[in-house]
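Engineer: structure, please.
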Amino acid sequence: MLAINAIENFRYRIVDNEVIVFDTINASTTILRDDTTFGFSLIDHFEDLHLFNEKALLEIERVRNTDGLLTRDFSGQYNLIHFSSLPWVNFTSISHSRNFSYPDSCPKISFGKMTEENGKKTMPVSVHVHHALMDGYHVGLFVEELQKQMNS
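Structural biologist: The predicted structure follows:
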């Protein structure tokens, strides 16, 4: 979340045909349940990693104890980024299904299986963005910032 919030273009959203820049972007992640279904979460961003982790664990537990995909009302929540993970798959590419009749400018980021070879860890990351709000340059800035955060 630090890497997302560090890149201004990742805080842009289109709301009512206007570009809005949010001060803070929060996370909406998929949470896997014991029965292999999943639900969407809402995890507020905190720069303090310990506080963020504490709040994230509470939200994970809440979603795991609910049913259905939508575990809360997300209406009006435009300052989100969608995360998912496929920790079982070392993918080279993935695609997200989209309903283009629904106005959605929220980036979608997916993480894959972490692997290690010759002492070097790698993990695939897929980034889908609204091209009217950013381009490959901004995605590159995000990847650089994410790597910096992962190294620290």
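
Engineer: how many residues are close by V143?
Structural biologist: Here the neighbour count serves as a burial measure; for V143 (other CB atoms under 10 Å) it reads 14. Where C-beta positions appear, they are placed from N, C-alpha and C, glycine not excepted.

Engineer: that one contacts V125, correct?
Structural biologist: Yes: counting by CB atoms under 8 Å, V143 sits close enough to V125 to count as a contact (7.1 Å).

Engineer: now for P103, how many residues are close by?
Structural biologist: Applying the criterion other CB under 10 Å, we find 12 residues in the vicinity of P103.

Engineer: shift numbering so it begins at 37
Structural biologist: Noted, 37 is the first residue going forward, which turns the last one into P139.

Engineer: check the gap between it and P123 for me.
Structural biologist: The gap separating P139 from P123 is 31 Å, by CB to CB, to the nearest Å.

Engineer: the helices in the protein, which residues?
Structural biologist: Defined through DSSP state H, the helices belonging to the chain, from first to last, are 38-42, 85-100, 172-187.

Engineer: need the residue closest to the centroid of this structure.
Structural biologist: Nearest to the mean C-alpha position of the chain, by CA atoms, centre = their mean, lies F119 at 2.9 Å.
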